[in-house]
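Participant: Have a look; sequence and predicted model below, questions after that.
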Amino acid sequence: MAETKQIRAIKGVRDILPPASGAWSRVERAAREVFATFAYGEIRLPIFEQAELFIRSIGVETDVVQKETYTFSDAPVQITKEGSLLEPPAEYELITLRPEATASVCRGYIEHGMQTLPGDVKLYYIGPMFRRERPQKGRYRQFYQIGAEVLGQSDAPGIDAELIEMLFAFFGRIGLEGLTLDLNSIGCKECRPKYVELLRAALRNVSSKLGADSQRRIETNPQRVLDSKLPEEQAIIEGLPRISEHLCEDCKEHFAEVRRQLDLRGIAYKLNWRLVRGLDYYMRTTFEITAPGLGSQNAVCGGGRYDGLVELLGGPPTKGIGFAIGEDRVMLSLEAAGKMATEPTVDAFIVWMGAATQPAAIKLAQKLRGAGIRVEVPPEETKFKKALGLADKLGARYAILIGENEVAAGKFTLKRLADAVQTSLTEAELVAELSKN
RNA sequence: GUGGGCGUAGUUCAGCGGUAGAACAUCGGACUGUGGCUCCGAGGGUCGUGGGUUCAAAUCCCAUCGCCCACCCCA
């Protein structure tokens, strides 16, 4: 007998099943509705892009590009009769499963000449991203982001503040509480490089007191030392030069105005000079929102300004700002707060008794479904008690009884399962009654 | 990439050298016109995989794979 090997899901990916998937849908619907009220439109993006797009936007130095992308040849694959793969030829271009979506939005902005659209271009997206990381709580190889971007000619601080306001409107809508907004300005291409050199010099002086990770980062990415979690490094870090004291006049002014605009909107924030962004394209305003109940991966949203990114990708000079929400982490936090309410997949269960009553059951189901009511009909004759028991277990609120009596009378028996109250109703009355909720 | 913990039924776990178990879940019966309860019964396992030690391994040892958590990185 041939052994059949079970095929499993790939490491770091997962299935999201009912009823949890219902909670995911509700969160996504909330995002769509809230973002729409801020006049954002949805952009549906490809899952893969030319590898070059991410290398240029995210930065060659980053871990995301260096070791986390799924990049492969676009060559057609040859599969043998035995099912094994043959080596693809080399002359095809490389494509990458998107590790984030901002680069794609910018690419789309350029490709469709969106700079000619009136006003700022405000877009949002929802979908899976891919990074080949070691999985842990709140970190998966296929993970979901809900993001938004504002692209255009203006870098008015009011844009930054409104974007963050929208974020809190969304989190408020889904009932996520205990959030912290960390805010920082990391300067522009004028002042940041100067600061980074200053920081690097200061770090070299204290290098011997730092851990191996931080010593490595002095050369690769000195700002990363700032968010080190090692207790013994905290005192040293507090003594390091701060970006806030080395911003150029324009950046300083911009940041002050962002803060004023946030106050105007009643958004509370915590200034955090140690807040660093992971991707190279960020500048000036940067922010991060953390949520409770998540373990060490506690950032549910990160974002910031990225003026110049569109230009870097071959487009016209353009200002930009955006954020990405980690949907998986939002769901984990909702769950920890006991707010991941899951609802059953069925409203009404039709109990039909006897072959003669099945046509009436099918016809009624069609009517109710047409009215948007979620209906389950047993596909074959079922014992009465068993059918009612199943209706309960599925979480249906109603059972509709159809026997020969009902068919003869032209009225169905509607039974509320919670309190066993029964009423006799015509088809039209049933539709009206069940549509109420 | 580095470290730690854990792999036994669909799920949560017990058993830790001597015949593979419980609870929950599933299915059937008590019980074709009034459900969630109860009672009775059934199915379901190469004890992650491979090797070693032993008269005997789910149990001890080694390797390997998988999952989880943390570092790293980041949403």
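Facilitator: Great, that's in hand. All values reported here derive from a predicted model rather than from experimental measurement. Numbers count the residues shown, from 1 in each chain, chains lettered A, B, ... in the order given.
Participant: Please tell me I have it right and residue A:104 contacts residue A:47.
Facilitator: No: Residue A:104 lies out of contact with residue A:47 (C-beta atoms under 8 Å); the separation is 9.2 Å. Every C-beta, even on glycine, is put in place using the N, C-alpha and C of the backbone.
Participant: quick one, which of those two is more surrounded?
Facilitator: Taking neighbours as other C-beta atoms under 10 Å, residue A:104 and residue A:47 compare with residue A:104 leading, 22 against 14.
Participant: Excluding chain neighbours, what is closest to that one?
Facilitator: Leaving aside its sequence neighbours, residue A:104 sits nearest to residue A:45 (C-beta to C-beta, 6 or more residues apart in numbering; 4.5 Å).
Participant: Quick one: classify the one you found as helix, strand or coil.
Facilitator: coil (DSSP: H, G, I helix; E, B strand; the rest coil).
Participant: That one: neighbour count?
Facilitator: By the other C-beta under 10 Å criterion, the neighbourhood of residue A:45 contains 18 residues.
Participant: lowest-pLDDT helix or strand in chain A?
Facilitator: Sorting the helices and strands of chain A by mean pLDDT, DSSP states H and E puts strand A:85-86 at the bottom, at a mean of 70.
Participant: What helices and strands are in contact with the following helix or strand past that strand?
Facilitator: Once strand A:85-86 ends, the next helix or strand along the chain (criterion: DSSP states H and E) is strand A:94-97. Other helices and strands packing on strand A:94-97, by 3 or more C-beta pairs under 8 Å, 6 or more residues apart in numbering; DSSP states H and E, are strand A:48-50, helix A:51-58, strand A:71-73.
Participant: does any part of the second one sit near RNA strand B?
Facilitator: No: no part of helix A:51-58 sits close enough to RNA strand B to count as contact by C-beta under 7 Å from any atom of the strand; the gap is at least 8.4 Å.
Participant: how about the most centrally placed residue in chain A, secondary structure?
Facilitator: Centroid check for chain A by C-alpha atoms, centre = their mean gives residue A:145 as the closest residue, at 2.4 Å. At residue A:145 the chain is in strand, as set by three-state DSSP.
Participant: Can you tell me which residues in the stretch 201-350 of chain A are near RNA strand B?
Facilitator: So far as C-beta under 7 Å from any atom of the strand goes, the stretch 201-350 of chain A lies against RNA strand B at A:213, A:217, A:221, A:224, A:227-230, A:276-279, A:288, A:295-297, A:299-302, A:324-326, A:328-329.
Participant: Just give the nearest non-adjacent residue to the residue in chain A positioned nearest to RNA strand B, would you?
Facilitator: Closest contact between chain A and RNA strand B, by C-beta to the nearest atom of the strand, is at residue A:403 (1.6 Å). Closest residue to residue A:403 apart from its sequence neighbours, by C-beta to C-beta, 6+ apart: residue A:353 at 4.4 Å.
Participant: Can you report how many residues lie near the one you found?
Facilitator: Residue A:353, neighbours per other C-beta under 10 Å, totals 20.
Participant: Just confirm it contacts residue A:399, I think it does.
Facilitator: No: counting by C-beta under 8 Å, residue A:353 stays clear of residue A:399, with 11.8 Å between them.
Participant: The residue nearest to the centre of chain A reaches residue A:129, doesn't it?
Facilitator: Yes: counting by C-beta under 8 Å, residue A:129 is a contact partner of residue A:145 at 5.4 Å.
Participant: Spell out which residues are contacts of both of those two.
Facilitator: Common contacts of residue A:145 and residue A:129, defined by C-beta atoms under 8 Å, 6 or more residues apart in numbering, comprise A:100, A:101.
Participant: so who does the residue nearest to the centre of chain A touch?
Facilitator: Here residue A:145 is in contact with A:100, A:101, A:125, A:126, A:127, A:128, A:129, A:324, A:325, A:326, A:327 (criterion: C-beta under 8 Å, 6+ apart).
Participant: Wait, a strand at the fourth one?
Facilitator: Yes: assessed with three-state DSSP, residue A:126 lies in a strand.
Participant: Can you tell me who the residue lying closest to it once chain neighbours are set aside pairs with across the strands?
Facilitator: In this structure, residue A:126 finds its nearest non-sequential neighbour in residue A:146, 4.9 Å apart by C-beta to C-beta, 6+ apart. Beta-bridge pairing for residue A:146 (DSSP bridges): residue A:126, residue A:325.
Participant: doesn't residue A:129 make contact with residue A:146?
Facilitator: No: taking contacts as C-beta under 8 Å, residue A:146 lies outside contact range of residue A:129: 10.8 Å.
Participant: So which of the two has more stuff around it?
Facilitator: More crowded of residue A:146 and residue A:129, by other C-beta under 10 Å: residue A:146, with 23 against 20.
Participant: need the contact list for the more buried one.
Facilitator: Neighbour list for residue A:146: A:27, A:28, A:31, A:124, A:125, A:126, A:324, A:325, A:327 [criterion: C-beta under 8 Å, 6+ apart].
Participant: 6 Å - rerun?
Facilitator: A:31, A:126, A:325, A:327 (C-beta atoms under 6 Å, 6 or more residues apart in numbering).
Participant: which bits of the stretch 51-200 of chain A sit near RNA strand B?
Facilitator: A:62-64, A:68, A:100, A:131, A:133-140, A:143, A:145.
Participant: Farthest-apart pair in those, please.
Facilitator: A:62 and A:137 (22.6 Å; C-beta to C-beta).
Participant: one step back: I'd like to know which of the residues of the stretch 201-350 of chain A next to RNA strand B are part of helices.
Facilitator: Applying DSSP state H to these, the entries found in helices are A:213, A:217, A:328, A:329.
Participant: which among the contacts of residue A:146 gets closest to residue A:315?
Facilitator: Taking the contacts of residue A:146 together and measuring to residue A:315 by C-beta to C-beta, the closest member is residue A:126, at 23.8 Å.
Participant: What about the closest one, how many residues nearby?
Facilitator: Count around residue A:126 with other C-beta under 10 Å applied: 21.
Participant: so where do the helices sit in the stretch 301-437 of chain A?
Facilitator: A:309-312, A:327-336, A:358-370, A:384-393, A:404-409, A:427-435 (DSSP state H, counting those that start in this stretch).
Participant: Make JSON lines out of those helices and add distance to residue A:178.
Facilitator: Output for the helices of the stretch 301-437 of chain A, formatted as JSON lines (distance: least, C-beta to C-beta, whole Å):
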{"stretch": "helix A:309-312", "distance to residue A:178": "32"}
{"stretch": "helix A:327-336", "distance to residue A:178": "8"}
{"stretch": "helix A:358-370", "distance to residue A:178": "40"}
{"stretch": "helix A:384-393", "distance to residue A:178": "35"}
{"stretch": "helix A:404-409", "distance to residue A:178": "52"}
{"stretch": "helix A:427-435", "distance to residue A:178": "37"}
